[in-house]
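> model this:
(chains A and B)
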Amino acid sequence: MGIAAIAMVAMLSSCGKKPQAEIDAANAAIEAAKTAEASVYVPAEFAALQDSMTAIMADIAAQESKLFKKFGPAKENLVSTVTLANTVAANAATKKEEVKKETEALMTEIKAVVEENVALMKKAPRGKEGAAVLEAMKTDMAAIEAAIVEAQGMYDGGKFMDANNKVKAAKEQATGINTELKEAIAKVKR
Amino acid sequence: MRRLWKVFLFVFVSAAAIALLVFILVRLTPEPPVETIDLARNALAQAVKDKAETYSRKQYGEAKALFDSAMSSWQRENERFIYFRDFDKVLSFADQSIKKSNEASATAISNSSNLKSRISQKLKDLNNLLKENQDLFSTYPLTSEVRHRISKGKILLQEAEVAYEKGQYLPANRKLTDAEYLLTESFNTASANRKDYFRSYSTWKKWMDNTISDSRKNHDYAIIVDKYSRKCFVYLSGTLKHQFTAELGKNWVGDKRVKGDMATPEGMYKVTRKLEGSKTKYYKALLLDYPNEKDKARFREEIENGSLPRNAKIGGLIEIHGDGGKGIDWTEGCVALTNKEMDILYRLAKVGTPVTIVGSTVDLHNVATR
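Next comes the predicted model:
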């Protein structure tokens, strides 16, 4: 009778198979989200996705520890995780595209500001200390142009976030010079 | 009937015995560490939220490794026969992971907060440093390398501000460190250079005092050119009468040493000729007696000690002339005034009028604080 009971327990405990195919699919989807740079562009969503996978793996381990295994909910969660991972990947791609477009717009804007500054420099007053200040501005403009080239390199290499930061900073500088030049010209006109 | 009853009783007792046995076996199954693992996972997730991956990398890495060990250990135990499983190790790893995650969270919060306030302060300090030094060196002829480094430092400082505003403290800090190095090093170089320039102040002071004193004694005009402040002062009988803005040689810092060095000489000179019309290409000019005897003696000494090449020439034709007002130091060593101011000076000066050119009429301390 005892043997029968143990056999029954062994049989019951081996019921329900670990959902390996679903686990692999979920892991592959998470890897795809990682490749889509989800950790860079949507870090909070990606962290939540990873945590949800960890929770599912803990649940699977818990089921494996039980005499009567039940992988149904874990399977469902793994399927949801694949969907979630695809959403996170899509969101990352959207965000990346947003940053890319913003960077492109900033690049266009800064190039226009730089061109305007070159034109303004020709009109700027040179009397008193004006010319010396213009000389310093020329060096600043050269540094800004070098930063734009660097940002373009980052952009071409797909590092849109880094390019965005660099071009934003360069634009701030260029705009500052633009304001200074316009003010100096306006003073002379008055 | 009795037989049937016996069979029924046997089946019932057997079923009850099996059920009891199964119940006992289930009860004997070791309890999996679900709750503790869940706590460990939550603690780790919280550490991620607190950006421990960035601001407490080592502790977070340890917490993650401990959690992974707990999970692998759990899986290993699950592979064993159900009654031989022992989850003590799993619990121990999970407990350690919770502890480490909590530490990582606390460290990350503290580190990011400290870094944030440090960056904020450094941004303020560097912006102040930049402003102070830009005012100080706006008309000082810094080398193109120093100017370039300052411009690069300014861009990096701006990049740090952008990263800081986005909450990216680590990249902000890296940019700030680079900006700080470039800016402080550039301004230190410029300050050291300026300090070196002011080393001759006591000599300049003597020349100025003598010039003003002679003007007082002779009841005559005397001209003093202050290179640092780019001023041309006109004295009569020791009293300041006029003050003009002067433009100098492109490389005005330091004394003139050789022909073509674009430096404006320092010394006590005299007007030797007054030139106007076709005699000068700069509206009107007062030709000075550069090189004087002291300039010549120093030039010879420099040739002899090898600091100047044997074929070097001392140069000449240093003037105070018109066509100034460009707002930049553009001459080859002369002092340029606007034509309007040159008219005044030309009228007042005569051949023999003393012209003393000094590095500065005030000392370094007063230059820095004025």
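
> pLDDT below threshold where in chain A?
Applying pLDDT under 70 to chain A flags residues A:1-16, A:126-132, A:187-190.

> what's the longest helix in it?
Ranked by residue count, the top helix of chain A under DSSP state H comes out as helix A:72-123.

> Just after that helix, pick out the following helix or strand.
helix A:130-156 (DSSP states H and E).

> And that following helix, what's buried?
Buried residues in helix A:130-156, defined by neighbour count with 16 or more other CB atoms under 10 Å in any protein chain shown: A:130-141, A:143-145, A:147-148, A:150-151, A:154-155. For every residue, glycine as well, the C-beta is placed using N, CA and C.

> Next: stretch A:61-77.
A:61-67, A:69, A:71, A:74-75, A:77.

> Give me the number of neighbouring residues for residue B:6.
Around residue B:6 there are 10 other residues, counting by other CB atoms under 10 Å in any protein chain shown.

> per the record, what domains does chain A have?
With domains defined by automatic domain parsing, chain A comprises A:17-95, A:96-189.

> Would you map the strands across the stretch 51-200 of chain B?
Read by DSSP state E, counting those that start in this stretch, the stretch 51-200 of chain B holds no strands at all.

> quick one on the thing from earlier: mind putting the domains of chain A into TSV with distance to residue B:70?
What follows is the domains of chain A, written out as TSV (distance: least, CB to CB, whole Å):
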stretch	distance to residue B:70
domain A:17-95	9
domain A:96-189	34
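
> Make TSV out of these and add distance to chain B.
Below are the domains of chain A laid out as TSV (distance: least, CB to the nearest CB, whole Å):
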stretch	distance to chain B
domain A:17-95	3
domain A:96-189	3
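
> I'd like to know which of these is closest to residue B:76.
Nearest to residue B:76, of all the domains of chain A, is domain A:17-95, at 10.4 Å by CB to CB.

> Would you pull up how far the closest one lies from the middle of the chain?
20 Å (CA atoms, centre = their mean, to the nearest Å).

> list the contacts for the residue of the stretch 1-150 of chain B at minimum distance from chain A?
Minimum separation of the stretch 1-150 of chain B from chain A (CB to the nearest CB) falls at residue B:32, amounting to 3.3 Å. When contacts are counted by CB atoms under 8 Å, 6 or more residues apart in numbering or on different chains, residue B:32 touches A:61-62, A:65-66, B:74, B:87.

> Run a quick neighbour tally on residue A:170.
Neighbour count of residue A:170, defined by other CB under 10 Å: 28.

> average pLDDT for stretch B:355-362?
Averaged over stretch B:355-362, pLDDT sits at 92.

> Now tell me what touches that stretch from outside.
Residues contacting stretch B:355-362 (CB under 8 Å, 6+ apart): B:197-198, B:200-201, B:204, B:207-208, B:210-211, B:222-229, B:231, B:233, B:264-271, B:286, B:288, B:320, B:335, B:367, B:370.

> cool, stretch A:104-115 as well?
Here stretch A:104-115 makes contact (CB under 8 Å, 6+ apart) with A:141, A:144-145, A:148, A:151-152, A:155, A:164, A:167-168, A:170-171, A:174-175, A:178.

> secondary structure class for residue A:70?
Recorded secondary structure, residue A:70: coil (DSSP: H, G, I helix; E, B strand; the rest coil).

> close enough to count as contact, it and residue A:64?
No - between residue A:70 and residue A:64 there is no contact under CB atoms under 8 Å: 10.7 Å.

> Can you flag the buried ones in the contacts of stretch B:355-362?
Among those, the ones that count as buried by 16+ other CB under 10 Å are B:197-198, B:200-201, B:204, B:207-208, B:211, B:222-229, B:233, B:264-271, B:286, B:288, B:320, B:335, B:367.

> so of those residues, which ones are in helices?
Residues of the buried ones among the contacts of stretch B:355-362 located in helices (DSSP H): B:197, B:201, B:204, B:207-208, B:211, B:367.

> Who are the contact partners of the residue nearest in space to the middle of chain A?
Geometric centre of chain A, nearest residue: residue A:41, 1.9 Å, by CA atoms, centre = their mean. Applying CB under 8 Å, 6+ apart to residue A:41 gives the contacts A:91-92, A:95-96, A:99, A:161.

> cool, residue B:289 as well?
B:269-270, B:272.

> same deal with residue B:174?
Applying CB under 8 Å, 6+ apart to residue B:174 gives no contacts.

> And the pLDDT at it?
Value listed for residue B:174 in the pLDDT field: 95.

> Span of stretch B:165-173 from start to end?
12 Å (CA to CA, to the nearest Å).

> so how far is that stretch from its chain's centroid?
Distance of stretch B:165-173 from its chain centroid, counting by CA atoms, centre = their mean, is 17 Å.

> contact partners of that stretch?
Residues contacting stretch B:165-173 (CB under 8 Å, 6+ apart): A:165, B:54-55, B:112, B:115-116, B:118-119, B:160-161, B:163-164.

> what's the neighbour count on residue B:88?
Other residues lying near residue B:88 total 11 when counted by other CB under 10 Å.

> Residue B:326 versus that one, what's the distance?
Residue B:88 sits 86 Å away from residue B:326, taking CB to CB, to the nearest Å as the criterion.

> How about stretch A:105-125, which residues are buried there?
Going by 16+ other CB under 10 Å, stretch A:105-125 has these buried residues: A:106-107, A:110, A:113-114, A:116-117, A:120, A:124-125.

> Spell out the secondary structure type for the residue of the stretch 1-150 of chain B closest to chain A.
Under three-state DSSP, residue B:32 comes out as coil.

> Helices of the stretch 51-200 of chain B, residue ranges please.
Along the stretch 51-200 of chain B, counting by DSSP state H, counting those that start in this stretch, helices occupy B:52-55, B:57-78, B:88-137, B:144-165, B:169-197.

> residues near the closest residue in space to residue B:336 that isn't next to it in sequence, how many?
Nearest in space to residue B:336, with sequence neighbours left out and distances taken as CB to CB, 6 or more residues apart in numbering or on different chains, is residue B:324 at 3.4 Å. Neighbour count for residue B:324, taken as other CB under 10 Å: 29.

> Name all residues that make contact with residue B:324.
Taking CB under 8 Å, 6+ apart, one finds B:245-247, B:336-339, B:341-342 in contact with residue B:324.

> Show me those residues that map onto helices.
Counting by DSSP H, these place B:339, B:341-342 in helices.

> Take those residues and lay them out in JSON lines including neighbour count.
Output for the ones in helices among the contacts of residue B:324, formatted as JSON lines (neighbours: other CB atoms under 10 Å in any protein chain shown):
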{"residue": "B:339", "neighbour count": "16"}
{"residue": "B:341", "neighbour count": "21"}
{"residue": "B:342", "neighbour count": "25"}
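
> If we only consider those residues, which is nearest to residue B:259?
Distances from residue B:259 to the ones in helices among the contacts of residue B:324, taken by CB to CB, are shortest for residue B:342, at 24.5 Å.

> Next one: that closest one from residue B:225, what distance?
13 Å.

> what do those two both touch?
Residues touching both residue B:342 and residue B:225 by CB under 8 Å, 6+ apart: residue B:320.

> shaky segments in chain B?
B:1, B:139, B:254, B:368-370.

> Output the longest strand belonging to it.
When chain B is parsed with DSSP state E, its longest strand is strand B:267-276.

> mind checking how far that one is from the chain centre?
The mean C-alpha position of strand B:267-276 is separated from the chain mean by 44 Å, CA atoms, centre = their mean.

> what residues does it touch?
Outside strand B:267-276, the residues that touch it by CB under 8 Å, 6+ apart are B:207, B:210-211, B:255, B:283-290, B:292, B:294-295, B:318-319, B:346, B:349-357.

> Sweet, I'm off.
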